[in-house]
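>>> Quick one, what's the 3D model for this:
(one chain, ligands or ions: 1)
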Amino acid sequence: MLASRVLSALSGVRYIRAVPSLAATMSTTTTTHELAPGYSYDTLAISRPSQHVFQVNINRPKNLNAMNKAFWREIREVFEQLGADSECRAVVLAANGRMFTAGIDLGEMADIGGMVMGDDDVARKARGVMPIIAAYQASFTALEKCPKPVVAAVHSACIGGGVDLICAADIRYCSDDAWFQVKEVDVGLAADVGTLQRLPKIVGNESLVRELAFSARKMYSSEALKCGLVSRIFPNYESLVSGAVEIATTIASKSPVAVQTSKAALIHARDHSVQEGLDYIATLNMMMLQSEDLRLAAMAAMSKEKPTFSKL
Ligand SMILES: CCC/C=C/C=C/C(=O)SCCNC(=O)CCNC(=O)[C@H](O)C(C)(C)COP(=O)(O)OP(=O)(O)OC[C@H]1O[C@@H](n2cnc3c(N)ncnc32)[C@H](O)[C@@H]1OP(=O)(O)O
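Residues are numbered from 1 along each chain as shown. Here you go, the predicted structure:
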């Protein structure tokens, strides 16, 4: 069925689905919390599972959360919105339906093909494609640019663009049934929205990354834990999401100044030398050490009371 849809998309012929499959309409996992007011998206469901914690669920369960154009736009918008929302201190990224995501929406791949059709000069067509790729990249870099830590909670399949997406998160958890696939070579692409750039730094094993990227073989949860792609495995979806919300809630209880400065310093350190990283954090802390959070956290530690931090 998927193959006919892709073929029809690439050939421009409209594909009509004859019989709805039970599997495609089944939704085994859904958001259980009330939707967050002010966060209205077509492909994402946003809720607030605990104080200062927001949960972003990819919400195209009938299409196995395949990433369509609206998704690429909205995932960037929501992380920009959350980054600017002082009520938010940590984010859980999960998904509704039976899989985390089946990757890019193959029905819309024709649009990408369409960009390079025509008789125009190759350099001129290429110039037109560049900002489009940059926009796709910006969609996931938005997770990294969001100052609030992002905890990805992956269940079942995380394919292609899904791996790109979670590589931009700060913390990755998965359920026992999770599997990961750098599948781009199977659709004739070199992954260009973050996997090839971030995954080697996450797992610290170039040989493994090349094996995954060149072969598109599946990597199951136990191997993902062993290589460091995820830091915890949970027995099922419910325990996964509650584990992710629990760590996000702990993070949200800390000084937002300290947490957000730590995120900025860690991302900077990944991309720079140790000395450049030390210089960067010294410059940041010239300001941040003057924050009231330092005094509040120190007093709370002394008195063994829970500190309350103001909005950031
Ligand atoms: C510049 C661009 C940057 C981004 C690049 C990103 C690249 C990538 O993501 S590459 C990877 C692309 N994804 C795939 O190749 C996966 C394709 N899907 C599958 O292999 C299977 O569907 C899967 C193993 C995930 C699940 O198989 P299962 O038998 O359990 O379900 P299906 O009956 O196949 O699917 C159920 C319905 O979901 C639709 N669907 C699945 N994947 C996609 C997709 N990627 N795009 C669009 N739609 C998808 C599928 O057509 C079924 O729908 P329906 O026919 O209406 O029931």
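>>> use CA for all of it now, contacts and neighbours both
OK.
>>> what's near enough to touch the residue nearest to L229 when sequence neighbours are not counted?
Leaving aside its sequence neighbours, L229 sits nearest to V203 (CA to CA, 6 or more residues apart in numbering; 5.9 Å). If you count contacts by CA atoms under 8 Å, 6 or more residues apart in numbering, V203 has them with C227, G228, L229.
>>> again with T249
Taking CA under 8 Å, 6+ apart, one finds S50, Q51, H52, V53, A90 in contact with T249.
>>> need the next SSE after whichever strand or helix holds it, C-terminal direction.
In this structure, T249 is located in helix 237-252 according to DSSP states H and E. Downstream of helix 237-252, the next assigned helix or strand under DSSP H and E is helix 256-271.
>>> out of all of them, which helix in this structure is the longest?
Secondary structure of the chain per DSSP state H: the longest helix is helix 122-145.
>>> just how off-centre is it within its chain?
Distance of helix 122-145 from the chain centroid (CA atoms, centre = their mean, to the nearest Å) equals 17 Å.
>>> Name the residues of it that come out as buried.
Y136, Q137, A138, S139, F140, T141, A142, L143, E144, K145 (16 or more other CA atoms under 10 Å).
>>> Skipping adjacent residues, who's closest to the third one in space?
In other words, A138. R76 (7.0 Å).
>>> which residues sit in contact with the one you found?
Applying CA under 8 Å, 6+ apart to R76 gives the contacts A138, S139, F140, A142, L143.
>>> Widest-spaced pair of those?
Spatial extent of the contacts of R76 (CA to CA) is set by the pair A138 and L143 at 9.1 Å.
>>> hang on, the earlier thing: shouldn't the residue nearest to A138 be within a helix?
Yes. According to DSSP: H, G, I helix; E, B strand; the rest coil, R76 belongs to a helix.
>>> sorry, back to before: how confident was the prediction at the residue nearest to L229?
pLDDT recorded at V203 is 98.
>>> Alongside the ligand, which residues does the stretch 101-250 of the chain contribute?
With CA under 6 Å from any ligand atom as the criterion, the stretch 101-250 of the chain meets the ligand at residues 102-107, 133, 136, 159-161, 183-184, 187, 192-193.
>>> mind listing which of the residues you listed are in helices?
Filtering these for helices - DSSP H - leaves I133, Y136, G161.
>>> so how far is V274 from the spatially closest residue to V230 that is not a sequence neighbour?
Distance criterion CA to CA, 6+ apart; nearest residue to V230, sequence neighbours excluded, is R172 at 4.7 Å. According to CA to CA, to the nearest Å, R172 stands 25 Å off from V274.
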